[in-house]
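1. build me a structure from this.
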Amino acid sequence: MKRSMVKITALCLCASLALGGLGVYALAAGEAPAGASEEPRQLSAAAETADAVKDETVYILAESDGAVQKIIVSDWLKNPMGSASLRDPFPAENVENVKGGETYTAGSGDALVWDAQGNDIYCQGTSGKELPVDLRVSYQLDGQSVSPQELAGKSGRVTIRFDYTNRQYEEVDIDGKTEKIYVPFAVLTGMALDNDVFSNVEVSSGRIYSDGDRTAVIGLAFPGLEENLNVDPEKLEIPSYVEVTADVENFALTNTVTIASSGLFRELDMEKLDGTGDLEDSLDGLTDAMDQLMDGSSRLYDGLCELLDKSGTLVDGINQLAEGAGALQKGAEDLRAGASQLHGGASQLQTGLEALSENNGQLCGGARQVFETLLASGSAQLAAAGLELPALTVENYGKVLDGVIAAMPQGAEPVAALKASLDSYNAFYQGLLSYTEGVAEAAAGSRNLTAGTSGLLEGAGQLCAGAGQAADGAKALQAGTPALVEGIVQLRDGAGELSSGLEEFNEQGIQKLIDAVDGDLAGLLERLKATANAAERYRSFTGGDSADGQVKFIYRTEAIELAE
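-> Numbers count the residues shown, from 1 in each chain. Model (predicted):
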C-alpha cells in the first residue's frame with residue numbers, strides 16, 4: 001500500500017508539474033482553468049467595485065542551477081458578488097487578459113481596476129519581484145563540485161542538491177524579544193530519472209518509486225520552520241533542503257519541478273490550544289492514539305493472516321454449500337459489490353479510520369447474516385436427512401453437531417464435514433470480530449491526532465472497510481475465489497507495511513517531536529501560533545489581503561542534455 005501511495009503521489013506530481021508550465025501557455029491562448037465558469041454573472045448593484053479574491057499561481061522558469069530566467073504570474077480573480085469592476089493590486093508587467101475581452105485601467109499605486117461586468121478575470125503578466133523562496137541547485141560528481149554543463153555525459157556517483165532559502169518573514173515579539181518568523185512554506189521537488197542513466201537512487205527527505213523504466217523522486221523540505229520553532233536539531237531535524245544521490249552513466253537530466261506553498265500551515269487551528277496544558281494534553285493524546293493505532297494495525301495484520309490461512313477451507317466450504325443454497329443468491333450479489341469495494345479499498349486508505357469504524361456494525365452484521373444463512377442451510381440438510389434437531393445457531397451448532405456425530409458411530413462423515421465447514425467460517429467470523437474491535441479501538445483513540453495524521457487514519461479506514469465487504473455473499477466468493485485469495489494476500493502485505501510504517505512514524509516523527517518540545521511547551525506554543533499566523537497572512541505574491549486568496553509557486557529548471 002505504501003508503494004501504491006508513493007506511485008500515485010509521484011504520478012500526480014509529475015503530471016501536474018510537467019503540465020504546469022503548459023498551463024501558462026494555455027492561459028495565454030485564452031483557455032480558462034478547469035472548473036472556471038463560462039457564464040457571466042448578474043451584476044450586483046450592492047458591489048459596483050470590489051477587491052478581487054485571488055487564486056494565484058507563480059511560474060518560475062529557471063536555469064539548471066536554479067537561477068531565475070523569467071517569472072510569470074497567472075491570476076484567477078474571482079468575482080463571487082458579480083461586481084461591475086474588480087480592484088487588483090498587480091505590480092507586474094505585460095499584464096493581459098487571457099480569457100475574455102475585459103479591460104483594465106490603472107488605479108492608485110500599482111493597482112489595476114478591471115471592467116469585470118460581473119465576470120471572473122483570468123490574467124497573467126511578468127514580474128521582477130524577489131521570490132519568497134529562493135531555489136539553488138548544485139551538482140557534485142564523485143565528491144567534486146561541477147557545473148551542470150560539465151556534468152552532461154559524465155559517469156560516476158552524482159549528488160544533486162536543492163537548497164531553498166526562505167526570504168519571506170515577519171518580525172514578531174517572542175517572549176519579549178523581536179524575532180524573525182518565516183512564512184512556513186512546504187516545498188516539494190520532483191524529478192523523473194531514466195533508469196538507463198540512473199541507478200541506486202537515494203533521497204535525503206522524500207520518497208522514491210520505480211516502474212522499471214523510470215524512477216520518480218519526490219523530496220520534501222520546510223525552509224525556515226526549524227528557525228521558527230527553535231527546536232534542537234539534534235532532537236528533531238526539519239529538512240530545509242533535498243539531496244538526491246545516484247550512480248549515473250552518461251549523465252542527462254530532464255526538467256525538475258518544485259512546488260512551494262504555505263497553504264498546508266493555514267490548516268493549523270491554533271485557537272484550540274489556549275495554553276501549555278492543552279498542548280500537553282494533546283501530546284499525551286497523540287502518544288496514546290499512536291499506541292492504539294499501532295496496536296490496531298498489528299491486530300489487523302494478524303486477522304488478515306488468519307483469514308489467509310483459513311481461505312482455502314473457506315473456499316471449499318462455500319463451493320459445497322453454494323450448489324444447493326439458492327437462498328444465498330442475494331448474498332452472492334452483495335458480495336460481488338463488496339469484492340469490488342474490497343479491490344478499491346486499498347487505494348482509499350487515507351479517508352479515515354473513523355469512516356471504517358462506522359462500518360463495523362454493517363460489516364459484522366453482514367458476516368453474521370452469511371453465517372446464519374449457512375447454519376439455516378445446514379439445518380435444512382440435516383432435516384432432509386431425517387434428523388430432528390434444534391435449529392442451528394452461532395452459539396449452539398458445535399455442541400449440537402458434536403452430539404449428532406457422537407450418536408452416529410457410522411455414517412457421521414457428512415455431519416462432520418458440515419461441522420468442519422462451519423468451524424472454518426466461525427474461525428473467520430471470530431477473527432473478523434476481533435479485527436473490528438481493534439479497528440474501533442484505533443478509531444476511538446485517533447480523534448486526538450493532528451490534521452497531519454488524520455489522512456493516514458482515513459486511508460486505513462477505507463482499506464479495512466473494503467476488506468470487510470468480502471463477507472457479504474458466498475456466491476461471489478465462489479465465482480472469484482482466486483482473485484479473493486490474491487486480494488487477501490495484497491491486503492495482508494499492505495497491512496504489514498502499514499504496521500511497519502506506523503512504528504517508523506511513531507519512532508521517527510511523534511516521539512522525536514515530543515522529545516524536541518519537552519520542557520519548553522509554552523515557547524513552542526507561542527512560536528506555533530506565530531508560524532500559523534504568518535501562513536494565514538501570506539495570500540498573494542503580487543499583492544492583496546483577501547482572506548480567501550491563495551498562492552502557490554511552481555519552479556521549473558532547464559534540462560541538462562547531452563551535447564549533439
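
2. got the CA coordinates for the helix or strand Val201 falls within in PDB?
-> Using DSSP states H and E, the secondary-structure element containing Val201 is strand 198-203. Extracted as PDB, the C-alpha positions of strand 198-203 are listed here (Å, rounded to 0.1, in the frame of the first residue of the first chain):
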ATOM      1  CA  PHE A 198      20.400   6.500 -13.000                       C
ATOM      2  CA  SER A 199      20.700   3.600 -10.600                       C
ATOM      3  CA  ASN A 200      21.000   3.200  -6.800                       C
ATOM      4  CA  VAL A 201      19.000   6.400  -6.300                       C
ATOM      5  CA  GLU A 202      18.700   7.900  -2.800                       C
ATOM      6  CA  VAL A 203      16.900  11.000  -1.500                       C
END
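
3. buried residues in that strand, which are they?
-> For strand 198-203, burial by neighbour count (16 or more other CB atoms under 10 Å) applies to Phe198, Val201, Val203. All C-beta spots, glycine's among them, are computed from the backbone N, C-alpha and C.

4. helices or strands up against it?
-> strand 206-210, strand 214-221, strand 241-248 (3 or more CB pairs under 8 Å, 6 or more residues apart in numbering; DSSP states H and E).

5. which other helices and strands does the second one contact?
-> Read it as strand 214-221. Contact partners of strand 214-221 among helices and strands, from 3+ CB pairs under 8 Å, 6+ apart: helix 2-18, strand 156-166, strand 186-194, strand 198-203, strand 206-210, strand 241-248.

6. gap between the two ends of stretch 158-173?
-> Separation of the first and last residues of stretch 158-173 by CA to CA, to the nearest Å is 44 Å.

7. and that stretch, what's its mean pLDDT?
-> Mean pLDDT, computed over stretch 158-173, is 95.

8. strand partners of the strand holding Val201, parallel vs antiparallel please.
-> Paired neighbours of strand 198-203 in the sheet (DSSP bridges): strand 241-248 (antiparallel).

9. for the helix or strand following the partner strand, the distance to its chain's centre please.
-> Moving toward the C-terminus from strand 241-248, the next helix or strand (DSSP H and E) is strand 257-261. Distance of strand 257-261 from its chain centroid, counting by CA atoms, centre = their mean, to the nearest Å, is 17 Å.

10. parallel or antiparallel, which strands does strand 257-261 pair with?
-> In the sheet containing strand 257-261, its partner strands are strand 186-194 (antiparallel), strand 550-557 (antiparallel), by DSSP bridges.

11. convert the last one to CSV, retaining C-alpha atoms only.
-> Which is strand 550-557. As requested, C-alpha coordinates have been extracted for strand 550-557 and formatted as CSV (Å, rounded to 0.1, in the frame of the first residue of the first chain):
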residue,chain,number,x,y,z
GLN,A,550,-4.2,31.6,-2.2
VAL,A,551,-0.9,31.4,-4.0
LYS,A,552,1.5,28.7,-5.0
PHE,A,553,4.9,28.8,-6.7
ILE,A,554,6.0,26.4,-9.4
TYR,A,555,9.7,26.3,-10.3
ARG,A,556,10.9,24.5,-13.5
THR,A,557,14.6,24.1,-14.1
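
12. any buried residues in that strand, and which?
-> Along strand 550-557, the positions that meet the burial threshold by neighbour count (16+ other CB under 10 Å) are Gln550, Val551, Lys552, Phe553, Ile554, Tyr555, Arg556, Thr557.

13. isn't the third one up against Leu188?
-> Yep, that's Lys552 we're talking about. No - if you go by CB atoms under 8 Å, Lys552 and Leu188 don't touch, sitting 10.2 Å apart.

14. give me the pLDDT for the nearest residue to Gln341 once chain neighbours are set aside.
-> The shortest distance from Gln341 to any residue other than its chain neighbours is 4.4 Å, reached at Gln469 (CB to CB, 6 or more residues apart in numbering). Turning to Gln469, the model gives it a pLDDT of 74.

15. cool, the one 10 residues further on as well?
-> Note for Ala479: predicted pLDDT of 80.

16. next: Leu293.
-> 67.
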